[in-house]
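Asks: kindly generate the corresponding structure for this input.
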Amino acid sequence: MIEVIQSFDRHLHAETLDALYKLRARVFKDRLNWEVDVQEGRETDYFDDCDPVYLISRNQYTGRVEGGLRLLPTTGPNMLRDVFPVLLPDGEIVESPLIWESSRFAIDPDLATDGSRRLHSVTTELLCGIVEVGMLAGIDFVVSVYDARMARIFKLANCPADIIGVPTRIGRVMTYAGLFEISEEMRGRIARAGQITGSVLLPSTNVDAAAA
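Replies: I've put the predicted structure just below:
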């Protein structure tokens, strides 16, 4: 199941977020060798201080945090506008209360040893979670900056994106900015790809449209 952590209850989830930040360090620094800031084994950045909405995938049997991501409205600080503007034509920005940005999508690297089936399950659960949270918040699209590795994952998850701007090689990887529709149709496609039945969110989940 997916836990949703918002700014108003963030103080109640310090241990969960700490586990997420440690997971991000293992994924983005240790595995992918990105130029990210890691302090005491935890990867955080400026955007974690901008009151994002976090989605956390937790193993229902062990309680272990196995994946996570964050969502930010494009009306405020976000990575596409403030870090990767090169992906958009000069002068163009994505800014709307109906569009949020997804970033720092991370899956526990240890799950890869269990085979692709388990990794795909956590991935599709998080992708379904994005769509479900988006529908609760009343938004229409999620934008994301991602690399070729994630592009392959989105294809496997039947989660198509409209590429905006021009794909650009940043560092060693081809990087894209994509716009993903938030709709029942999109959720259904991802759920079928991941063999998911029912909502992936905890039953008590509520999302404020202005939460992020």
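
Asks: what residues sit buried inside the helix-or-strand element of the chain with minimal mean pLDDT?
Replies: Ranked by mean pLDDT, DSSP states H and E, the weakest helix or strand in the chain is helix 116-137, scoring a mean of 85. Neighbour-count burial for helix 116-137 flags 118-137 (criterion: 16 or more other CB atoms under 10 Å). C-betas here are computed from N, CA, C, even on glycine.

Asks: likewise stretch 68-83?
Replies: 68-74, 77-81, 83.

Asks: then stretch 151-171?
Replies: Residues Ala151, Ile153, Phe154, Ala157, Asn158, Cys159, Ala161, Ile164, Gly165 are the ones in stretch 151-171 that count as buried (16+ other CB under 10 Å).

Asks: how far does the helix or strand containing Gly165 sit from its chain's centre?
Replies: Assigned by DSSP states H and E, Gly165 falls within strand 162-170. Between the centre of strand 162-170 and the centre of its chain there are 18 Å (CA atoms, centre = their mean, to the nearest Å).

Asks: partner strands of it, parallel or antiparallel?
Replies: Using DSSP bridges, the strands paired with strand 162-170 are strand 173-181 (antiparallel).

Asks: what's the angle from the partner strand to helix 116-137?
Replies: Computed by axes from the mean of the first three to the mean of the last three CA atoms, to 10 degrees, the angle separating strand 173-181 from helix 116-137 equals 50 degrees.

Asks: circling back: closest to Ile99 among the buried residues of stretch 151-171?
Replies: Checking those against Ile99 by CB to CB gives Ile164 as the nearest, at 10.7 Å.

Asks: what bridges to the closest one?
Replies: Ala177.

Asks: in terms of pLDDT, where does it sit?
Replies: Listed pLDDT for Ile164 reads 93.

Asks: correct me if wrong: it contacts Gly178.
Replies: Yes: if you go by CB atoms under 8 Å, Ile164 and Gly178 touch, sitting 6.9 Å apart.
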